[in-house]
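*Asks:* Sharing a model prediction with you, sequence too.
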Amino acid sequence: MNLFSPLDKVKGIGAKTGEQFTLAGINTVGDLIEFLPRGYEDFSHITTIVDIKPGKATIKARCEKIATRPVRRGLRITTATLADSTGKLQAVWFNQPYRETQLKSGEEFYFSGEFEFNYNRYQLTNPSAEMVKDMPVQTDRILPVYRSIKGLKTTLVRKILAELRPLITMLPETLPAEIIKSEKLMSRSDAILSMHFPENMVDVDKARERLGFEELFQLLLASQLNRQENSKLTGWTIPFEQPIVANFVSKLPFSLTGAQRRAAWEIIQDMERQTPMNRLLQGDVGSGKTVVAGLVACQVAHFGFQTAIMAPTEILASQHAETLSKLLQPLGITVGLLTGSVKGMARKTLYEQIATGSVQVVVGTHALIQETVKFYKLGFVVIDEQHRFGVKQRQLLLDKSEHMPHMLAMTATPIPRSLALTVYGELDISILNELPSGRKPISTKIWSPNSRAQLYAQVDAEITAGRQAYIICSLIEDNPENDIKSVQAEYVKLQNSIFKHRRIGLLHGKLKPAEKDEVMQRFSRGELDILVSTTVVEVGVDVPKATVIVIENADRFGLSQLHQLRGRVGRSVYQSYCYLINSTSAKPSQRLREIEKSNDGFYLAEVDLKLRGPGEIYGRAQHGALNLQIATLADTKLIARAQKQAKIFASGGFDMLQYKQLDTQVEYYQRLTTLN
Ligand code: ADP
Ligand code: MG
C-alpha cells in the first residue's frame, strides 16, 4: 500500500464506505492521511456527575429517561435524565429528536457539552453522545474530530486512520532539511501522526505549526519564484518625461496629495526599467487612484503606447472613460470606451481604432479581453478594483501585447499586511494613505429602524442644501418570507409618500446596461436627488455631490462592503453622513459598531480579517483555490518566518528536483497566483 493506492486497499473500507469518502473528495490513501481533524475532543478528563462544574464537561453515563416535546413551530426539545454511579443530571437538545432512538439502547455513553444554567436549572446543553464501546481507544485520550462526512461515523473514520498509522510513520519529509532545523519544526510524519493520534495538545500545536508553516512556505516560495520569473521578462521601457507629467498636473483642478505623487513616482520609475512593472496600488475609498492612473497613461501615450483600463462594471467603466476624457482629451490624447453596450458599427469602428492605435487609452469592462480586441501597441494595463477579477482575466488582458505590458492593479479594499505578503507576494505595493485635503471624515451612525422619520428629515435637509443621497437595500424585489427591504418597494414607497417632492432614481443589477447607465448618468449630472440602489453602486462610483448614504438592513452586509458603500459619499469638501439601519432594534453587531467607530479602511480590513477570514478581502474565487487547511492568514508571525525562509531558499539556486512534492505544490500555487 502506498499514498496513491485506492481506498479499498485499506482494511475497513468496503464499497459503501469507499463511495462516501469519494463523494467527499477523498480518493486515495494519501488523501485520507491528509484528511486532518478540524478539532479535538478531550476525553482525557471525564467528570463524575457529583463533581461537575459549569462550563465544558464530559461525563460517562447512561440515559434513564428521554422524551421530546414540541415547544413551538420549528422547535422541538428533547430532555433526558443521565445517570452515573454518583448522581443524575438533565441534558437537553434542541431539534435533535433522533437522540431518543440513539440513547434508548441503555448503553453507556460519553456526553460532552456545556453544563450551564438554563430554564431555571443547570443542564448539559446539546451534548455530543458517543457510545463508550465505540471508542477505538482508551478513554484517557484526546480524540480527533473530523469534518463530518455523510454516512460515515467519526468512530469509523478514526478506526480507518488507525489502520494507516504504520504508513504515516514512514511519510517522507517534504521541507528542506536546513529549514526544518533552523525553524525547529516537527518532521512531516511526526506532525501528521500527532494530528491524528495526539498524545497531548502541545503536540497538536507543534504539528499545526509545522503543517501551517509548510503551506505558507509553499505559497510564499511560489510568489518569490514568480517574481524571479517576472524579472527575467523583457517589457517596454518607457522613460520619464518630466514636462509631460508637469503639464498634466498643472491642468488638474486640484493639487495632488503627497501619497498620489509618491505612488505616481514609484510607477514611473518602474516603467523606466526593462522588466515589466507588477504593482498594486492600494488606496482607501476616495483616495484618488483614478487620477494616478490617468497621469501615467498620459506619459505612456506620449511615447506611443496604449493604455487599457479594465473595470468590473459598465457604470464604473463609463465613469472612468468620462473622467479620463476630461483629463486627457485636452492634451490631445484619445480615450475610447468599450463595453457590452457598444454595438454594431460603433463597436467595429472602435476595434479598428484600437488596432491601429488611433485610440490611445481604452477603458472597458470584460469586453476588453475578448479575442476580437487587438491592440496596436499595448504598454500599460490597469486593472481597477482588481479583486473583482480572476487571475485568468488579468492574464488575458496582459496577453494582448507583444511584450509583457506594465501592470498596475488597483484596489480600494485595503489588504492587511500579512495578507498582502502572502497573496500578493510577487507584487510591489504603493499605498495611498492620504485623502485629498479638505475632506471631512464621514459621520457614521447606527440607526434604529423605528425612527426613520427623523432620518428622512435630515436627508431632505441635505437635498434642500443642494446635495444628493443614496438609499441602499440588499434586495431587488420584496420577498414575502422576510422583512428585508427591496429597492423596488422602497422606490415606490418613498416616491409616493415622504419624498413625493423629490426626484428619485432606481438602480439594480437586473436593469439593462443602457438603463443602468442612464440612471447613473442622471444621478451624476444632478438630475436626481435620491438614488435607491442595490450594491451595484458599491464599487468605485464617484458622485461628489452625494453626501448622504442610508443603508437598510445594514447588518446583512460585510464590513468591507459597508466601507465600500460608505465610500460613495465623502468625496468632496462637504460634510457627509452614513446611516446604518439595523434590521431590528436589537443591539447592533460588532461589525456595525466597528464601522461606526472608524473611517480607516486599513484598520477595518484587519478587523474583517479577524472576524470573517480572508475570503471577503481577497477575491473569493482566488482564495477558495488557495485552500489553506491549517495556516490562517491572520498568523503574522508564522507568515514572517515562512517569508524569510522562502526568500533564502529562492535565492539559493537550489535544485527543485530534490524536492518533488514541494515542487508540485509550488508550481500549483505559481499558476494560481501569478499575474503573468
Ligand atoms: P478612488 O481611489 O476611490 O478610486 P477616485 O479616483 O474615484 O477615488 O477619486 C475620488 C474623487 O476625488 C474624484 O472626484 C476625484 O476627482 C477627486 N480627487 C482625486 N484626487 C484629488 C486631490 N488630490 N484633491 C482633490 N480631489 C481629488
Ligand atoms: Mg476607484
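*Replies:* Noted; the coordinates are in hand. Numbers count the residues shown, from 1 in each chain. Ligands and ions are numbered 1, 2, ... in the order given.

*Asks:* just checking, residue 5 touches residue 31?
*Replies:* No: look at residue 5 against residue 31 with C-beta atoms under 8 Å: they stay out of range, at 10.6 Å. Glycine gets a C-beta too; all of them are placed from N, C-alpha and C.

*Asks:* what's the residue in the stretch 501-650 of the chain that ligand 1 sits nearest to sitting at in phi/psi?
*Replies:* Ligand 1 sits closest to residue 542 of the stretch 501-650 of the chain, with a gap of 4.1 Å, by C-beta to the nearest ligand atom. Taking degrees, to the nearest 10, you get phi -130, psi 100 for the backbone angles of residue 542.

*Asks:* got the contact list for it?
*Replies:* 290, 319, 323, 524, 571 (C-beta atoms under 8 Å, 6 or more residues apart in numbering).

*Asks:* Among those, name the ones in helices.
*Replies:* 290, 319, 323, 524 (DSSP state H).

*Asks:* Would you check which of these are in contact with ligand 1?
*Replies:* Restricting the ones in helices among the contacts of residue 542 to those touching ligand 1 (C-beta under 6 Å from any ligand atom) yields residue 290.

*Asks:* To which secondary structure element type does the residue nearest to residue 553 when sequence neighbours are not counted belong?
*Replies:* In this structure, residue 553 finds its nearest non-sequential neighbour in residue 583, 4.9 Å apart by C-beta to C-beta, 6 or more residues apart in numbering. Each residue gets one of three states, and residue 583 gets coil by DSSP: H, G, I helix; E, B strand; the rest coil.

*Asks:* picking up where we left off before, of all pairs in the contacts of residue 542, which one is the farthest apart?
*Replies:* Greatest spatial distance in the contacts of residue 542: 290 and 524, 14.2 Å, computed using C-beta to C-beta.

*Asks:* remind me which residues of the stretch 301-450 of the chain are low pLDDT?
*Replies:* 417-418 (pLDDT under 70).

*Asks:* so who does whatever residue of it ends up closest to ligand 1 touch?
*Replies:* Nearest to ligand 1 in the stretch 301-450 of the chain, going by C-beta to the nearest ligand atom, is residue 436, at a distance of 3.1 Å. For residue 436, the contact set (C-beta under 8 Å, 6+ apart) comprises 254, 257, 286, 287, 288.

*Asks:* A strand includes residue 143, no?
*Replies:* Yes: assessed by three-state DSSP, residue 143 belongs to a strand.

*Asks:* Wait, it touches residue 157, no?
*Replies:* No: applying C-beta under 8 Å, one finds residue 143 not in contact with residue 157, separated by 10.8 Å.

*Asks:* on that earlier part again, go through the contacts of residue 436 and say which is closest to residue 247.
*Replies:* Among these, and counting by C-beta to C-beta, the member closest to residue 247 is residue 254, at 15.8 Å.

*Asks:* residues contacting that closest one?
*Replies:* Taking C-beta under 8 Å, 6+ apart as the test, what residue 254 contacts is residue 436.

*Asks:* Residue 436 versus that one, what's the distance?
*Replies:* To residue 436, residue 254 is 7 Å away according to C-beta to C-beta, to the nearest Å.

*Asks:* before we move on, what about residue 444?
*Replies:* 19 Å.

*Asks:* before we move on, back to that, tell me how many other residues surround the residue nearest to residue 553.
*Replies:* When neighbours are counted by other C-beta atoms under 10 Å, residue 583 registers 17.
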